[in-house]
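**Q** Got a predicted structure here, sequence first:
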Amino acid sequence: MSDFIPLDVINGGARGRKFEWDTARAPTEDYHDAVLQLEKEGEWEVQRVPEPYIEVNTRYGRVKRIPIERTWHHKSCGQCGHIPGYSTSIYWLNRKLGLDYLDPKDQTSCTAWNYYASATSNPAAQASVAMRNFAAAAETDYFPIIHCGTSFGHYKEVRHELIHHHELRRKVRDVLSRLGKKLVMPEEIVHYSEWVHVMRHRFAELQTIDMSHITATVHPACHYHKLEAEDAIYDPEIYGAQRTAVITGTLQAIGVNVADYSSWYDCCGFGFRHILVSRDFSRSFAVQRKIEVMKEEVNPDVTVTHDTGCVTTLDQSQFAGQAHDRKVGIPVMSDSQMAALAMGAHPYKVLQLHWHNTNNKPFLEKLGIDQAQKWAEFEAACDKLKSGEKKYLTWEDADA
Amino acid sequence: MRMPSSDILVIGGGPAGIQAARGIADLGYKAIVVEKRDRLGGMPDEAGYAALTPDMRDTGEAIAEMVAPILDNPGVELRFGTTATACTGVAGDFNVTLQKADGAAEDICVGSVIICTGFKHFDPGRETQQYGYYQYDDVITLVDCERMLKAKNFVRPSNGEVPERVCFIQCVGSRDRQIGNEYCSKVCCGVASKEAIEIRQQVPGCRVFVFYIDMRMYGYWENEIYWPAQEKYKVNYVKGIATEVVRKGDKLIVKGEDTTLRRPMEVPMDMVILSVGMEPSEGTEAMAKVFGVKQNKYRFIETIGGALDTVSTTVSGIFAAGACTGPADLEDSTSSGGAAAMKAIACVRKANTQIPA
Amino acid sequence: MEFPLDLSGSAYRDVPFEEKERLLDEVKSDLRFQDVMYGCYECGICVAACPSARFYDFSPRVIAQAVAREDADLVYTLMNDSIWDCSQCFSCDRCPRANSPGGLITIMREVAVNNALQTARKALEGYERIIYKIMSTGTQVSPDMLQPDAFPDWGTHVHEIADNLEIWRRALPPETLHTTETGWSIDDKTIIELYLIWHMTGVMDMIKGVDEGLFMILVDVMEERLEEAGYDVEFE
């Protein structure tokens, strides 16, 4: 052991190093310029981010505008289908803050799950689906906010293709005009977790459940920060802007201790086709490369992510892992569910945790939530549906 | 009519500038050297290199030898703590404003200018490269490593322990379209290999790995550094670059592919040294603007003669030498410093014969 | 899918070289190609980040390099024996050359589907119901797909969901989530628009090549609903 650590010799060490952006050296074109230029040329209309918005920095320090309200919620297949408390929590957060939002029925899937899984599609079809949804949003004058990480990433791919290939634009414009729709590109393509991120301090103000004794790990979704990587949110205060700031920023705002683990950058193992027809791969990867690594290194109370596929894979894969005596057992939630929980949302009526797989009861108990009581409340509500006393559980019931 | 000046302004007192000034004085002309620091020697001195590549000479000793001929030389006027802030005029008759750190300005007349403002080291945290430079104390750069080697104290910055496994990651900030630096920085393969040898000399028990894409050890660097590193010092060269550096316990884990074995690898390391490339220095960018010379897409000063003229810029009478024109090793810098001195003298001689007194 | 992957070029000796070249040309002529493939110096960054490389004999570097070399034999082998292992996570987008091996594979898969290669048919075995779901309903997965026989490895809670499906869906406060056959409720007009997109962009032709039966079923469903909506559209 040396008695002298030469930190002064090497510029004060890592902790003394400071990250600074220089947008002038951003190596990519600024999509804002391209999108607005095409508007000038009459190629499409641009739907502006409604005011008031919050400005954040993206990977190269450029500014992205995130809307606060008048949002058009572009739903996710897997969230709505298999983990519906995910999207329910997003709406609940909007309602809690009294924000105006729209949950449209004039919306299809982006169909990108299938595009990446089976390749039974093509750029014109994908771009037409995207632009149909964007046109539907623009018609309502609400601004699209994308629930799914894959939809978010894929729509950015589509934007890139449309910007650079006029023949594709022409084709898609023809398709849309046949549907009686205009070509409208949103000024920003916004992921819901970016909205959660910019609203995090307001959530913290309304927080009722202390989370300061909770340790969480974060899994950033590949299609959020790797696919068309530029316009994900980064913040020098969070990992020195070396990793995306979403999720981590939200968790820190509600007092959760975010713990680092060595496979944070790894994919969850979803694989698109694998999760449906080659699940041995997804299970092995999720358990061995993600869950076990988290468990061994930091043993978190919960792991938090921000995409459909990641919640599904990380959560569902643990059942088989347990059967094989692997080190598993970490509840998996979305940032929207965590924020809602911190603000006192019902774990079953709002977070709908009964759709999740891994045992989350110890986590709820650690938060001081009487989960048995909460489950009884949910069952009582279901009994009313069963007896025909009520047709549906309403937002009022959810908060009752 | 004012007499055109035959003096030549050299901006920057590093290897290229020193060599240019020396050449100008040796040929009977006067060099005015402005240097924003308070001493000569340029980056090798400023960054504290331990030994020079490839001959492993002690940097301090070699720089002192270079500097000696222009100290107390009547043909060289040294102005420290000074920068150029404005320039008017044409080749043979430039009026340049010089400014001291305290703001005091002075205009001088010169016949020609040689810009030798060099490079800066790439900041490996800037581009979210996932090498953890801002996160982990044990991730350092070639420059940090030089300083530790110079201090003869090569230990893990996190805990002061002597490292048992150390690796270099090559091409950090170079050859990367996503960062926007598509060029090769030319010296890092040699410098890393030189440092690898020095680590093996200072800490014989430490295994040293170099993760690389291609080892670019041209000319004598091959036999003077690369082969000895492999054969005598048993440095391990692995073809495959790292994707990320993470921490696991008190070790760093380097994730990459061993392309020879065609498999992903995850290897524990005590220290990781990032072989950072070159970018134009702030001084280079500032001088390009002051003198109106064109910069290339990487913001180095553009030379217009291709392979046949490495020092002429887009402005007649303004020359550039060394790493301000692009990645350059010491040999390149001193050679182009000399070439620029010759061109600058030719320029003032021509101007003096054309403009009547 | 093969282990170990045979890269010798002899695996498909019986396929004419011209056919392999034609498929490679089809990959290269795709409009996305210029953004996904520049050149490759085999640094391996893509492999280290690749989840599939950990569990299969799969290498995004080999795929990128094969295409960069325009080695039609090797590309054909990879198109048959390797590309369906990719996770499409785009971790490989960190490529310093700005290649996207994942994006390249998207194109190669499409070419495999468009040409009805055996590998595409095989890769999509068991996946037909998903294609049916997304193309006919506009959502990829639905609550009623959560059946124990479909997800035996997801454990007992799938039973519980299946048993309580209808009530639990009605116990969701958002009105759009009361569905069981689709992820959320979608307007009829919206679905019609989706069918028209499939029709106008040639997607159904791709389905026909790899799964004639699925194609027939989809056509029946779509033509009927389109007709009801006043569109006279034929998918042939």
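**A** Structure received. Numbering: from 1, shown residues only, chains lettered A, B, ... in the order given.
**Q** Could you say which helix or strand holds residue B:198?
**A** Per DSSP states H and E, residue B:198 falls inside helix B:188-202.
**Q** Please list the outside residues in contact with that helix.
**A** Outside of helix B:188-202, the residues within contact range by C-beta atoms under 8 Å, 6 or more residues apart in numbering or on different chains are B:50-51, B:53-54, B:56, B:142, B:145-146, B:149, B:152, B:154, B:166, B:168, B:170-172, B:174, B:206, B:208, B:210, B:212, B:215-217, B:221, B:225-226, B:228-229, B:233-235, B:273, B:275-277, B:329. Heads up, the C-betas are built off the backbone N, CA and C, glycines and all.
**Q** Tell me which of those residues fall in helices.
**A** Members of the contacts of helix B:188-202 lying in helices (criterion: DSSP state H): B:142, B:145-146, B:149, B:221, B:228-229.
**Q** coming back round to it: let's see which of the contacts of helix B:188-202 end up in strands.
**A** Among the contacts of helix B:188-202, the residues falling in strands (DSSP state E) are B:166, B:168, B:170-172, B:208, B:210, B:212, B:273, B:275-276.
**Q** Dump the residues you listed into CSV; add neighbour count, distance to residue A:94 and pLDDT as well.
**A** Listed next are the ones in strands among the contacts of helix B:188-202 as CSV, based on neighbours: other C-beta atoms under 10 Å in any protein chain shown; distance: C-beta to C-beta, whole Å; pLDDT from 0 to 100:
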residue, neighbour count, distance to residue A:94, pLDDT
B:166, 27, 52, 98
B:168, 28, 51, 98
B:170, 26, 49, 97
B:171, 25, 46, 96
B:172, 29, 44, 96
B:208, 26, 56, 98
B:210, 25, 53, 98
B:212, 22, 51, 97
B:273, 28, 49, 97
B:275, 27, 49, 97
B:276, 26, 46, 96
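**Q** which SS state does residue A:348 fall under?
**A** Recorded secondary structure, residue A:348: coil (DSSP: H, G, I helix; E, B strand; the rest coil).
**Q** how near is it to residue B:352?
**A** Note on residue A:348: its distance to residue B:352, by C-beta to C-beta, to the nearest Å, is 92 Å.
**Q** between those two, which one's more packed in?
**A** The residue with more neighbours, out of residue A:348 and residue B:352, is residue A:348; 24 against 16, by other C-beta atoms under 10 Å in any protein chain shown.
**Q** just checking, the more buried one touches residue A:360?
**A** No - contact criterion C-beta atoms under 8 Å: residue A:348 and residue A:360 do not qualify, at 10.6 Å.
**Q** tilt between the helix holding residue B:198 and strand B:207-212?
**A** 180 degrees (axes from the mean of the first three to the mean of the last three C-alpha atoms, to 10 degrees).
**Q** any idea of the mean pLDDT for helix B:188-202?
**A** Mean per-residue pLDDT for helix B:188-202: 97.
**Q** Helices along chain C, start to end?
**A** C:17-28, C:33-36, C:45-48, C:52-55, C:60-68, C:72-81, C:101-114, C:118-123, C:128-137, C:156-170, C:188-200, C:203-210, C:212-228.
**Q** Contact partners for whichever residue of chain C sits closest to chain B?
**A** Relative to chain B, the nearest point of chain C is residue C:44 (2.9 Å; C-beta to the nearest C-beta). Taking C-beta under 8 Å, 6+ apart, we find residue C:44 in contact with B:239-241, B:243, B:256-259, C:61.
**Q** One more pass at 7 Å, please.
**A** When contacts are counted by C-beta atoms under 7 Å, 6 or more residues apart in numbering or on different chains, residue C:44 is found next to B:240-241, B:256-257, B:259, C:61.
**Q** how close does whichever residue of the stretch 201-350 of chain B sits closest to chain C sit to residue B:239?
**A** Chain C sits closest to residue B:257 of the stretch 201-350 of chain B, with a gap of 2.9 Å, by C-beta to the nearest C-beta. Noted for residue B:257: a distance of 9 Å to residue B:239, by C-beta to C-beta.
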